[in-house]
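Trainee: Return atomic coordinates for the entry below.
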Amino acid sequence: MNVPNFGDFADARNVAALAKAAETAGWDGLFLWDHVVHDKDSSRPVGDPWMLLTAAALATTSIKLGTLVTPVPRRRPHQLARQVTTLDRISGGRVVFAAGLGGLVEDEYGSFGEPTDEVLLAERLDEGLGLLERYWTGERITHRGRHFQAQDVALLPRPVQRPRPPVWIAGYWPNRRPMRRAARWDGVVPLFASAGHGRTPPVEEVRDLVAYVGRHRPDDRRGAPFEVVVGGLSPANEAAAARDLIGPLRDAGATWWDERLPLDDPGLSRLDTLLHRAGQGPPRL
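Mentor: Modelled structure (predicted):
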């Protein structure tokens, strides 16, 4: 289940309640958005996703927890490494870390005097991801990069998961560069230019994306597990309809179904709406 970190879900108690309900009903994961303002013209409350996910971790025992997605370029990698590690340890190794540029860039970056050039932000994303991986080893590191510095430091304790929490990379398909970045990590969380958030992408586009990523997997990563996350609205309590929707996506290479409401759905950030959907259980094949 995929929910925003604003509206009702700015309250950690609501996120914990949803996480518990989702776990009880058989969902495999709860993922929160990672926004500071999302829409700077809106007056709605926004919560810090790592604090919210901590509440979810303490209310559950098995469900995966993470963000979709954390904008690494507007974070300090050493602080982010600490946050992810702390949540991984609290949850007993249940964190999935998904990363990207985030957006809206003008609102989320420009409003706070951060750079908004997406080429520069992509550089910060790649450098930051490399630093996170090194920090999670617990070894002493020195790094003198274009955007980040580290001088003979070790961040302990390490995450529970070895060698680190799985890293999924977001991006818009058919943009190729984010998909080549994803190929170097553990999964891809694509949005599709042909299908907005909360709307299921065409099967042929998922198949093309999976093939493209597969061709760009580094030799040392071939054969390693790789997740492909697609989503939308599934028909609740309609097994045949769910199979018709999700089965072809699975056959095209998708490995996770991400239940997400469209951006214009009035229930997007309402606890009652999402609790009801959680209680109906996930689609099953």
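Trainee: Let me see the ranges of the strands in the stretch 151-285 of the chain.
Mentor: Assignment of strands within the stretch 151-285 of the chain using DSSP state E, counting those that start in this stretch yields the ranges 167-173, 187-192, 227-232, 256-259.
Trainee: List just the one of those that sits closest to residue 246.
Mentor: The minimum distance between residue 246 and these falls on strand 256-259, with 5.5 Å, by CB to CB. C-betas here are computed from N, CA, C, even on glycine.
Trainee: Against which helices or strands is that closest one packed?
Mentor: In terms of contacts (3 or more CB pairs under 8 Å, 6 or more residues apart in numbering; DSSP states H and E), strand 256-259 is packed against strand 227-232.
Trainee: in the strand it packs on, what's buried?
Mentor: 227, 228, 229, 230, 231, 232 (16 or more other CB atoms under 10 Å).
Trainee: about what we covered before: okay, the strands of the stretch 151-285 of the chain in TSV with mean pLDDT and distance to residue 119 next?
Mentor: Formatted as TSV, these follow (pLDDT from 0 to 100; distance: least, CB to CB, whole Å):
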stretch	mean pLDDT	distance to residue 119
strand 167-173	97	14
strand 187-192	97	19
strand 227-232	97	25
strand 256-259	98	28
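Trainee: closest one to residue 125 among these?
Mentor: Evaluated with CB to CB, these place strand 167-173 nearest to residue 125, the distance being 8.7 Å.
Trainee: What strands line up against that closest one, and which way round?
Mentor: strand 95-100 (parallel), strand 187-192 (parallel) (DSSP bridges).
Trainee: Quick one: mean pLDDT over the first one.
Mentor: What that stands for is strand 95-100. In this model, strand 95-100 has a mean pLDDT of 98.
Trainee: After it, which helix or strand is next?
Mentor: Sequence order places helix 105-108 as the next helix or strand after strand 95-100, per DSSP states H and E.
Trainee: for that following helix, the distance to its chain's centre please.
Mentor: 18 Å (CA atoms, centre = their mean, to the nearest Å).
Trainee: Give me the buried positions along that helix.
Mentor: Under the neighbour-count criterion of 16+ other CB under 10 Å, helix 105-108 has 105, 107, 108 buried.
Trainee: Now for the last one: which residues touch it?
Mentor: For residue 108, the contacting residues are 35, 36, 37, 38, 71, 74, 102, taking CB atoms under 8 Å, 6 or more residues apart in numbering as the criterion.
Trainee: Could you do the second one as well?
Mentor: Shown in contact with residue 107 (CB under 8 Å, 6+ apart): 37, 38, 39, 40.
Trainee: Go ahead and confirm residue 269 touches residue 14.
Mentor: No: counting by CB atoms under 8 Å, residue 269 sits too far from residue 14 to count as a contact (9.9 Å).
Trainee: shared neighbours of these two, anything?
Mentor: residue 8.
Trainee: The spatially most central residue of the chain: what's it in contact with?
Mentor: Nearest residue to the geometric centre of the chain (CA atoms, centre = their mean): residue 68, 2.4 Å. Contacts here follow CB under 8 Å, 6+ apart; on that basis residue 68 touches 2, 31, 32, 33, 34, 98, 170, 189, 229, 258.
Trainee: In which helix or strand does the nearest residue to it once chain neighbours are set aside reside?
Mentor: Residue nearest to residue 68 in three dimensions, not counting chain neighbours: residue 31, with 4.2 Å by CB to CB, 6 or more residues apart in numbering. Assigned by DSSP H and E, residue 31 belongs to strand 29-32.
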